[in-house]
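# Prediction below, plus the sequence it came from.
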Amino acid sequence: MKTSIATVSLSGTLVEKLASIADRGFDGAEIFENDLLSAPQSSAEIGRVMVDLGLACTIFQPFRDFEGLPPELSERALERMRRKFAVMDDLGTDLVLLCSNCSPEASGERNRLVDDLGRIADLAGKHGKRIAYEALAWAPHTSDHRDAWSLVRDVDHPSLGLCLDSFHSLSRQIPSSSIGDIRGEKLFIVQLADAPRLDMDLLNWSRHFRCMPGQGDFPLAEFAAAIRRIGYEGYWSLEIFNDRFRAGSAGQVARDGLRGLRVLEDQSKRLAGLPPSLTAPVEPQHVEFIEFAASHAEAQEFSRYFAALGFVEVGRHRSKSVVRWRQGDINLVINSEPEGLAHSFDIVHGGSVCAIGLAVNDQQAVLERAGALDVQRFEQPVAPDEWAIPAVRGIGGSLLYLVDGSSREAMWNSEFPEPVSASQPRSDLTRVDHIAQTMQYEEFLSWLLYYTALFDMTKTPQLEIADPMGIVYSQAVETPSRGVRFTLNGSMAANALSSRFIHNYFGAGVQHIAFASSDVFGAAERAAEAGLPMLEIGPNYYADIEARFALDPALVERMARLNILYDRDKDGEYFQFYSRAVAKRVFFEVVERRGYDAYGATNATIRLNAQSQHREPAGL
Ligand SMILES: O=C(O)c1ccc(O)c(O)c1
Ligand SMILES: [Mg+2]
C-alpha cells in the first residue's frame, strides 16, 4: 500500500509537517495549497525538501469552483488552473484535485458540466497533468461519488479521473458497493478519513471532526475493500481536518495516522480475500496482574485498602522488594524496589499503577503486530534466572506486559515462591472487571486507536459525563468475550476530576480499578467492616432509583446503607460501589453484573459529585 497524508492534517509549518510525515514513514504527502501559500519557502524549495526527505508529492489540492460557471468566469478559472501547473512542476506532481463546484453561480446542467470538465482535462493533458475530480458532500450539484463518476466516465478523457474521499461518501451513507462501477484506472487518488457519527451539517462535520481510520464510526474497511476489488494501485492518502490534531503533536498524529492506515490495509485485504498484511490481532484473555509502584509508606496505604477488600499477601518476590496480593483470579503486585522503572514511576507520579499484565495465548503475535504498528517495545535487563515477560509501552509511560497464558502459574511460582500469610483471601472478588485510565483530552483518540489496533478489541460509543466541574468524555475498549475492558476518560475542563488527576499525577494513568464480584452486597458489607474507606452516596440518589426502576424499598435501603449504585438496561442489572482514593489518585470499585454489559454511565455523574466533596479547597 502506498501511503500518503495531507499536510492540512498536521500542526506546524509546512517544512515541519513534511519532516514529521517522512519521519513516521509515509511514502508521500498531499500539499494543501494554504500550507504552501503561507510557507516562507518557494514552491521549488518545498519540492526540493520533499525530494530530500524521500517524500512523493501525491497531489496538489484543492482547486475549487470550476465546472458549470458562466463563460467569462470559466475562462478566468482556466487561467488560474494553468498557473497552478507551474507550481505542480515545482512540487513534482502531475495530479491536482478539483472539488465539485460549491459556488452559487455554478449551474448543475449536466451537458455544461461534461463540457467544462472536458475543457479542463484538455488543458491538463496539454501540460502533462491529470485532474482528480472529487464530489464534496455538501456541494449543490455534484455531492455523490456516483454522480462524479458518471461525469468522469462520460467525459472520457485520459487526463480526468476521480478522487474518492471516504468522508464525502460515508457521511452520506453511499453504499460502498457502488464503487464496483468505477473503472480502477480512472480512480486517480483515494483520500481516507474516519469520523464519529454526528448529527450535524456535513461541512462542519468534515472540517472539524474527521479522525484517523479506526478512531471514528465509519465502515472504512468495506470502503477500502471495494476500492481494492476494482484494482486500484495508487496512493491511500489521509486527509484529516481536525482542530485537535492541528493543535497537537505532529509526530504523534502522523504516527497514529500510519497506524490506522496499516490496520485498515490489513482489514481491507482480508475482506477483499487478499493475503493479510499484518499478523492477526490477538484477544487478551484477562488481566493477569496490576503492578503498583509505591514507596514503603505508600505500600502500607495500598495494603490497607487491599486487605479491607479481602486480598491477602500471598508471596514475596524471591530477590526484590515486591509483594503479591491475591484474591480470586486477581493479582495485585506492589513494587517498592529502590531502583528500576517502578521506582522512577513512583518518583514522578507517587504511588500508582506502573504496569498491567495481560494474559495472551500468543505473545509473539502481539509483538509482531506491535512492531508493525510502531508500538514501542520496552526492554530491561533481566537476571539470568528471572522470568522475562515481554512488554510494550502503554499510557503515560506505564507498561503493558504480555503474560503467556499457558505458563502463568509457573511464572508466579518461580518469581514468588515464599508463602507469606497463613490466612486465606476472602472470595468476594473474582477478577478484574475493568481498568479506568485517564488522559489528556488531546491523547484520547490516540489511546483508543492504540488498544483497538494492537489487540482484538473494539470500542463502545463515546459518552459525555457531567462532572460538577465540567464534561468528561468516556469510552470503553473491550475484548469480544469481555475478558479485558479498559475505560478511557479525558476532559477539557481544567477542574474536572480527570483533569485534577492528570495535574496531581503529572500525566495520564490508571485512575481506578473495578473488581468483579458475584455478591456485591456481601463484598460491601465485609469491606466496610474491615475499614475500607467508602465513597458515600447521598440520599436523593436512592429516592430516585427506587422510583425510576420500581425497586423494592428494602433492597434500596440496603443499597443506601452500603453506598451501592444501581443501573439496569435491556441486558440486565449492575451494582457497584467505590472506595475513596488512595493518596487522591487511584481508587477501587466493586461491580456485580447480572447480564449487564455496560459501565453505569448515569452513575458516573453521581460518583463524580460524591468525589468532588473531597476536593481540596484550592481546586485540586
Ligand atoms: O472542506 C473542503 O473544502 C475540502 C477540500 C478538499 C478536500 O479534498 C476535501 O475533502 C474537502
Ligand atoms: Mg477530500
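Right, received. Where do you want to start? Ligands and ions are numbered 1, 2, ... in the order given.

# Which parts of stretch 205-222 count as buried, going by neighbours?
By neighbour count on 16 or more other C-beta atoms under 10 Å, the buried set for stretch 205-222 is 205-206, 209-216, 218, 220-222. Using the backbone N, CA and C atoms, a C-beta is placed for each residue, glycine as well.

# Which ones among those residues also lie next to ligand 2?
With C-beta under 5 Å from the ion as the criterion, these include none near ligand 2.

# Select from these every entry located in strands.
Under the assignment DSSP state E, the buried residues of stretch 205-222 contribute nothing to strands.

# Would you reformat those residues as JSON lines and include pLDDT?
Below are those laid out as JSON lines (pLDDT from 0 to 100):
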{"residue": "W205", "pLDDT": "98"}
{"residue": "S206", "pLDDT": "98"}
{"residue": "F209", "pLDDT": "96"}
{"residue": "R210", "pLDDT": "98"}
{"residue": "C211", "pLDDT": "97"}
{"residue": "M212", "pLDDT": "98"}
{"residue": "P213", "pLDDT": "98"}
{"residue": "G214", "pLDDT": "97"}
{"residue": "Q215", "pLDDT": "97"}
{"residue": "G216", "pLDDT": "96"}
{"residue": "F218", "pLDDT": "98"}
{"residue": "L220", "pLDDT": "98"}
{"residue": "A221", "pLDDT": "98"}
{"residue": "E222", "pLDDT": "98"}
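
# If we check ligand 1, which of the residues you listed are in contact?
S206 (C-beta under 6 Å from any ligand atom).

# Let me see the contact set for S579.
By C-beta atoms under 8 Å, 6 or more residues apart in numbering, the contact list for S579 reads Y305, L309, A527, L532, P533, M534, L535, F587, F588, E589.

# for the closest residue to it other than its chain neighbours, helix, strand, or coil?
Leaving out its chain neighbours, the residue that sits closest to S579 by C-beta to C-beta, 6 or more residues apart in numbering is F588, at 4.3 Å. Under DSSP: H, G, I helix; E, B strand; the rest coil, F588 falls in the strand class.

# And for the one 3 residues further on?
Using three-state DSSP, the three-state assignment for V591 comes out as strand.

# What parts of this structure come near ligand 1?
Within reach of ligand 1 by C-beta under 6 Å from any ligand atom, the chain has these residues: Q61, P62, L97, C99, E134, L136, D165, Q191, S206, R207, E239.

# same thing but at 8 Å, please
6, 61-62, 64, 97, 99, 102, 134, 136, 163, 165, 167-168, 191, 193, 203, 206-207, 239, 241 (C-beta under 8 Å from any ligand atom).

# Among these, which lie within helices?
Using DSSP state H, the subset of the residues of the chain next to ligand 1 located in helices is F167, H168, L203, S206, R207.

# Next one: the residue of the stretch 101-250 of the chain found nearest ligand 2 from L449, what distance?
As assessed by C-beta to the ion, ligand 2 sits closest to D165 within the stretch 101-250 of the chain, at 3.6 Å. Using C-beta to C-beta, to the nearest Å, one obtains 20 Å as the distance from D165 to L449.

# Ok, A422 next?
According to C-beta to C-beta, A422 stands 47 Å off from L449.

# which of those two has more neighbours?
Neighbours were counted for A422 and for L449 using other C-beta atoms under 10 Å; L449 has more, 25 against 6.

# Can you tell me which of the ones in helices among the residues of the chain next to ligand 1 lies closest to V375?
Nearest to V375, judged by C-beta to C-beta, of these is F167 at 26.7 Å.

# Enumerate every residue touching the closest residue to the closest one other than its chain neighbours.
Nearest residue to F167, sequence neighbours excluded (C-beta to C-beta, 6+ apart): A193, at 4.5 Å. Counting by C-beta under 8 Å, 6+ apart, A193 makes contact with D165, S166, F167, R210, C211, M212, P213, G216, L238, E239, I240, F241.

# Turn those into a markdown table, including distance to Q300.
As requested, the contacts of A193 are exported to a markdown table (distance: C-beta to C-beta, whole Å):
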| residue | distance to Q300 |
| --- | --- |
| D165 | 58 |
| S166 | 54 |
| F167 | 54 |
| R210 | 49 |
| C211 | 44 |
| M212 | 44 |
| P213 | 47 |
| G216 | 45 |
| L238 | 50 |
| E239 | 54 |
| I240 | 48 |
| F241 | 51 |
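
# L18 contacts M50, correct?
Yes. Counting by C-beta atoms under 8 Å, M50 is a contact partner of L18 at 6.2 Å.

# Between these two, which contacts overlap?
Taking C-beta under 8 Å, 6+ apart as the contact rule, L18 and M50 both touch A29.

# More neighbours: which of the two?
L18 (26 against 22).

# Buried among the residues of the chain next to ligand 1? Make that a ChimeraX selection.
Of the residues of the chain next to ligand 1, the buried ones go into a single ChimeraX selection, burial set by 16+ other C-beta under 10 Å:
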select :6,61,62,64,97,99,102,134,136,163,165,167,168,191,193,206,239,241
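
# is it true that the residue nearest to S579 touches F302?
No. The pair F588 / F302 is not scored as a contact, 10.1 Å apart, by C-beta under 8 Å.

# who in this protein is up against ligand 2?
Residues of the chain lying close to ligand 2 (C-beta under 5 Å from the ion) are D165, Q191, E239.

# ok, the last one - contacts?
What that stands for is E239. I5, A6, V8, S9, E30, D165, F167, Q191, L192, A193, R210.

# Quick check, L341 in contact with L399.
Yes. The pair L341 / L399 is scored as a contact, 6.9 Å apart, by C-beta under 8 Å.

# okay, and the common contacts of these two?
Joint contacts of L341 and L399 (C-beta under 8 Å, 6+ apart) are C354, A355, F378.

# Can you verify the first one is assigned to a strand?
Read that as C354. Yes. When three-state DSSP is applied, C354 is found to be in a strand.

# so which of the shared contacts of L341 and L399 would you say is closest to R369?
Scanning those for proximity to R369, where the rule is C-beta to C-beta, the winner is F378, at 15.6 Å.

# Count the residues that sit near that closest one.
A count of neighbours around F378, defined by other C-beta under 10 Å, yields 16.
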